[in-house]
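In: From the sequence below, what's the structure:
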Amino acid sequence: MKSIIVSLLAIVFSTTAFAGNATFAQQVALRVQGDQRSDSNKTRDQSRHPAHTLASFGIKAGDTVMEIWPCGGWYTEILAPAMR
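Out: Just a heads-up that it's a prediction; the model follows:
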């Protein structure tokens, strides 16, 4: 499963502004519970552990994340507001 996720995400360094003063992990934790996410995607969190999975990629402030073939936007709902 992790290899599929890794193949779908390409992390490219850039000078993208990072949302607020919170760390990426804090931003993800906030966005996992956010109203921007569909109920059906939130239901999948228990088995997919999005905060832990995304933390394992080592994304940090200033990075740009490109989700390739988002397949319904499960990660997009978390990453887009966290990376804005």
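In: Flag the shaky bits of this protein, pLDDT-wise.
Out: In the predicted model of the chain, residues 1-22, 61 satisfy pLDDT under 70.
In: That one: helices as residue ranges?
Out: Taking DSSP state H as the criterion, the chain contains helices spanning 2-8, 24-32, 39-43, 45-48, 50-56, 76-83.
In: what about the third one, distance to the chain center?
Out: By that I understand helix 39-43. Between the centre of helix 39-43 and the centre of its chain there are 15 Å (C-alpha atoms, centre = their mean, to the nearest Å).
In: repeat for the fifth one
Out: Computed by C-alpha atoms, centre = their mean, the chain-centroid distance of helix 50-56 equals 8 Å.
In: returning to what we had before: in TSV: the helices of the chain, plus mean neighbour count and distance to residue 68.
Out: Yep, even glycine has a C-beta here, placed from its N, CA and C like the rest. Shown next, in TSV, are these (neighbours: other C-beta atoms under 10 Å; distance: least, C-beta to C-beta, whole Å):
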stretch	mean neighbour count	distance to residue 68
helix 2-8	11	5
helix 24-32	19	19
helix 39-43	12	18
helix 45-48	11	18
helix 50-56	17	15
helix 76-83	20	11
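In: Output those as TSV; include the columns distance to residue 70.
Out: As requested, the helices of the chain are arranged in TSV below (distance: least, C-beta to C-beta, whole Å):
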stretch	distance to residue 70
helix 2-8	8
helix 24-32	15
helix 39-43	11
helix 45-48	14
helix 50-56	14
helix 76-83	5
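In: Out of the ones you listed, flag the one nearest residue 69.
Out: When the helices of the chain are compared by C-beta to C-beta, helix 2-8 sits nearest residue 69, at 5.8 Å.
In: Can you get me the start-to-end distance on stretch 24-41?
Out: Length of stretch 24-41, first residue to last, C-alpha to C-alpha, to the nearest Å: 20 Å.
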